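**Student:** starting from these lines, generate the structure:
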Amino acid sequence: MNNQSISNKYLLKRFYPYFKPYWRILVLDLLCASLTSACELVLPVIVRFITNTVTTSPESLTVEVVVRITLVYIALRLVDVFGNYYMQNNGHIMGARIEADMRSDLFEKFQELSYGFYSHNKIGQLISRITTDLFDIAEFAHHCPEEYFIAAVKIVVAFVILIRVNVPLTLLLFTLIPLMLLFAMKYRVRMRNAFKWQRSELGEINSGVEDSLLGIRVSKSFANEDIEEERFAEGNERFLTTKKVGYKNMAGFRSVTRLFDGLMYISLVFFGSMALIYNKITAGDFVAYLMYAAVLLESIRRVVEFTEQFQRGITGIERFVEIMDTKIEVDDEPGAIDMPDEVKGDIEFKDVSFAYSDAKEDCVLCGINLNIKSGENIALVGPSGAGKTTFCNLIPRFYDVTGGCITVDGHDIRYYKVRSLRTKIGMMQQDVYLFSDTVAGNIGYGKPGASREEIEAAAKLAGADEFIRELPDGYDTYVGERGARLSGGQKQRISIARVFLKNPPILILDEATSALDNESEHYVQESLAELAKGRTTITIAHRLSTVRNADRIIVLTEDGIAEEGSHEELIKKGGIYASMHNFTL
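**Tutor:** Have a look, this model is predicted:
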């Protein structure tokens, strides 16, 4: 478990701005809270009046008086009902709105965070932060100010009345209350740590389930369902352990409050009874005192027990703040501008080096110098681990270079806004990702707002129109989770259509056909060839047969660029590329 690292004061300060848009609702909510508290505090006064009147001058307690008291109390109860309705309805809606605002901010932050963040964090953990954590924050947002305000009103009013009724009993009561709070608060930090541990383990379970379900075909093909069940059981047991720790601290917390609660009541009954025996207090005052003491103790008990909800909420806020304070590794530089609409596509690597921030080994790329002309089709080949994918990921600034610079049309890419730069680059990868949407929706993702005619035109250019029209609902066919209802070749051609629709001047193909069968590869290669026309194209490939027609082939090794030239030039040279080519024959 992690120890508390951020103070409650700081977390509440960060949370406060989310209340600002709803301050009117909050003020009315607290006003209703004060009215409901006042209604509750009136009952002991009525009971005291009736009891004292009966014992001192019973003839004064007439039917008319009782009816008036009853009508007043009914009126107060109606106020209480309407006030409570507002609190339960509008108060909860306020909490839900705050939850929605925070979820929007968190999702926006997720969109801004760089590739490096997602390589170090599990998706299940992030989903837990945007769902479970924020649900507890919504409850916290509604109940926290309300509970503390009601408690403050009741405690102050009850203290003023109690001290006027009997000073010794009140002093006794307010001596025991701090002791109860002192012992109860010892469990506060333990509960917060336990809840934070629970959230972390819940995120692990989410990650495990997501990983298992996405890989269900693999696990079934290897008949490894029992292994997946065992993994889940281990995670489930760890989560159960966190719950046990949390409930153990919660039980101790509540036991302490109940112990002192009982001590205070029995002390009041004992010393109050003694005061009655020696005529130090009237029967009506004693009954009213016990009722006010009950109101006071109930308020304190609710505040103390609300600590559980408070800790859940503050833990959620802490985890929210952790994400919001995460540094964006790749962001717009000061003074960055939009790329011009017309981009030639000249790309130059100037003494470029790159190393991952947490890497213990040497640079992935070191001292790379390369000039790619506008419209040129180059291919990157080389052994695995040489940095080919990293090379391509640096161009759209998925990562920033750690040395040197990359220019497009003569300008350092950091000179441009990240979003603007990426709109000019189209990427095709081996692992095609299709969203849970229709075929048209997935193609249209390349150009939001595109017309159906534009989508269909892009599909024709990609050689996908024919098979799309043969699908059950044509372009409106739902593709399933990650495109599960389509073949690999179909998914690739839809992703190519998406890039056609985007129409970028720079194209990056990262082993786009390596997972396809020969027939599918043939169709996709034709589509890619059409797509590459007139664009600066960089292709990563393990199959050398797919890049032999490239204008220039770059052989990248762990030591940098080892060779470059056309297929024929490199074969004649008899170097690394020729060896690779001969090995594949």
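
**Student:** Ile317 contacts Phe140, doesn't it?
**Tutor:** Yes - counting by CB atoms under 8 Å, Ile317 does reach Phe140; the two are 7.5 Å apart. C-betas here are computed from N, CA, C, even on glycine.

**Student:** endpoint to endpoint, stretch 564-575 covers what distance?
**Tutor:** When the termini of stretch 564-575 are compared using CA to CA, to the nearest Å, they are 10 Å apart.

**Student:** if I look at the residue nearest the centre of the chain, how far off is Phe117?
**Tutor:** Nearest residue to the geometric centre of the chain (CA atoms, centre = their mean): Ile130, 3.0 Å. Computed with CB to CB, to the nearest Å, the distance linking Ile130 and Phe117 is 14 Å.

**Student:** about what we covered before: pLDDT at the closest residue to the residue nearest to the centre of the chain other than its chain neighbours, what is it?
**Tutor:** Nearest non-adjacent residue to Ile130, counting by CB to CB, 6 or more residues apart in numbering: Leu106, 5.3 Å away. Predicted confidence (pLDDT) for Leu106: 89.

**Student:** show me what contacts Leu106?
**Tutor:** Counting by CB atoms under 8 Å, 6 or more residues apart in numbering, Leu106 touches Arg129, Ile130, Leu134, Phe320, Ile323, Met324.

**Student:** which one (most neighbours) among these?
**Tutor:** With neighbours taken as other CB atoms under 10 Å, the top of the contacts of Leu106 is Phe320, carrying 24 neighbours.

**Student:** may I ask which helix or strand encompasses that residue?
**Tutor:** helix 283-324 (DSSP states H and E).

**Student:** helices or strands next to that helix in the packing?
**Tutor:** When contacts are defined as 3 or more CB pairs under 8 Å, 6 or more residues apart in numbering; DSSP states H and E, helix 283-324 sits against helix 8-15, helix 23-56, helix 92-112, helix 123-130, helix 132-165, helix 167-185, helix 188-214, helix 225-277.

**Student:** at 6 Å instead, please
**Tutor:** Contacts defined by 3 or more CB pairs under 6 Å, 6 or more residues apart in numbering; DSSP states H and E place helix 283-324 against helix 8-15, helix 23-56, helix 132-165, helix 188-214, helix 225-277.

**Student:** quick check: mean pLDDT across the third one?
**Tutor:** Confidence over helix 132-165, taken as the mean pLDDT, stands at 83.

**Student:** what is the orientation angle of it with helix 8-15?
**Tutor:** 120 degrees (axes from the mean of the first three to the mean of the last three CA atoms, to 10 degrees).

**Student:** and if you look at the second one?
**Tutor:** Regarding helix 23-56 and helix 8-15, their directions subtend 120 degrees when assessed with the same axes, to 10 degrees.

**Student:** and the residue nearest to Ile130, how far from Ser128?
**Tutor:** As defined by CB to CB, Leu106 lies at a distance of 12 Å from Ser128.

**Student:** isn't Glu201 right up against Phe239?
**Tutor:** Yes - with contacts counted by CB atoms under 6 Å, Glu201 reaches Phe239, the gap being 4.3 Å.

**Student:** burial check on the residue nearest to Ser212 when sequence neighbours are not counted, number of neighbours?
**Tutor:** Sequence neighbours aside, Glu228 is the residue nearest to Ser212 in space, at 4.9 Å (criterion: CB to CB, 6+ apart). Counted by other CB under 10 Å, the residues lying close to Glu228 total 19.

**Student:** one step back: which SSE is immediately downstream of the helix holding Phe320?
**Tutor:** Note on helix 283-324: by DSSP H and E, the next helix or strand toward the C-terminus is strand 347-354.

**Student:** reformat the contacts of Leu106 as TSV; add distance to Glu376.
**Tutor:** Formatted as TSV, those follow (distance: CB to CB, whole Å):
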residue	distance to Glu376
Arg129	44
Ile130	43
Leu134	49
Phe320	47
Ile323	41
Met324	43
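
**Student:** from the residues you listed, which is closest to Ser436?
**Tutor:** Here the nearest of the contacts of Leu106 to Ser436, counting by CB to CB, is Ile130; it sits at 17.8 Å.

**Student:** so who does Thr536 touch?
**Tutor:** By CB atoms under 6 Å, 6 or more residues apart in numbering, Thr536 lies in contact with Gly345, Ser374, Gly375, Ile506.

**Student:** what about 7 Å?
**Tutor:** Going by CB atoms under 7 Å, 6 or more residues apart in numbering, Thr536 touches Gly345, Ile347, Ile372, Ser374, Gly375, Glu376, Pro505, Ile506, Leu507.
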